[in-house]
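> structure here, sequence nowhere to be found:
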C-alpha cells in the first residue's frame, strides 16, 4: 500500500491512539502534549508507551496516570531527539 491510502491508514492509527490516551490519561492539561506526541512519534513507540503506562498506572488517579505516561513519553523523546513542546 502506497501514497495517500498508506498515509490515511497511519493517521487513523494515530487518531485511535490519541482517543485512547485522552480517555484514560488526560487530567485536563495534557491534550496538546498528547496531540504533539501522536504527530511526532512513531506508531510503535506510541503503542509501547501506552501499554507500559497502563501497566505502571493501574489503580492510580487520572492525574497520577498522566504523570506516568508523560514520563514514559518524555524518556522516548529524549532518547530519540523528539521535541514534544509547542514552539512559540
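Arrived safely, thanks for sending. Given the structure is predicted, the values throughout are model-derived calculations rather than measurements.
> rest of the way, CA atoms for contacts and neighbours
Noted.
> where exactly do the helices run in the chain?
3-25, 31-40, 43-56, 62-80 (DSSP state H).
> for these, give me JSON lines that also has mean neighbour count and distance to residue 88.
JSON lines is the format used below for the helices of the chain (neighbours: other Cα atoms under 10 Å; distance: least, Cα to Cα, whole Å):
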{"stretch": "helix 3-25", "mean neighbour count": "14", "distance to residue 88": "23"}
{"stretch": "helix 31-40", "mean neighbour count": "18", "distance to residue 88": "13"}
{"stretch": "helix 43-56", "mean neighbour count": "16", "distance to residue 88": "25"}
{"stretch": "helix 62-80", "mean neighbour count": "17", "distance to residue 88": "19"}
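> which of those sits closest to residue 86?
helix 31-40 (7.9 Å; Cα to Cα).
> any chance of the helices of the chain in a markdown table, plus mean pLDDT?
Output for these, formatted as a markdown table (pLDDT from 0 to 100):
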| stretch | mean pLDDT |
| --- | --- |
| helix 3-25 | 95 |
| helix 31-40 | 95 |
| helix 43-56 | 96 |
| helix 62-80 | 97 |
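> dump these to TSV, plus distance to residue 87.
Converted to TSV, the helices of the chain look like this (distance: least, Cα to Cα, whole Å):
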stretch	distance to residue 87
helix 3-25	21
helix 31-40	11
helix 43-56	21
helix 62-80	16
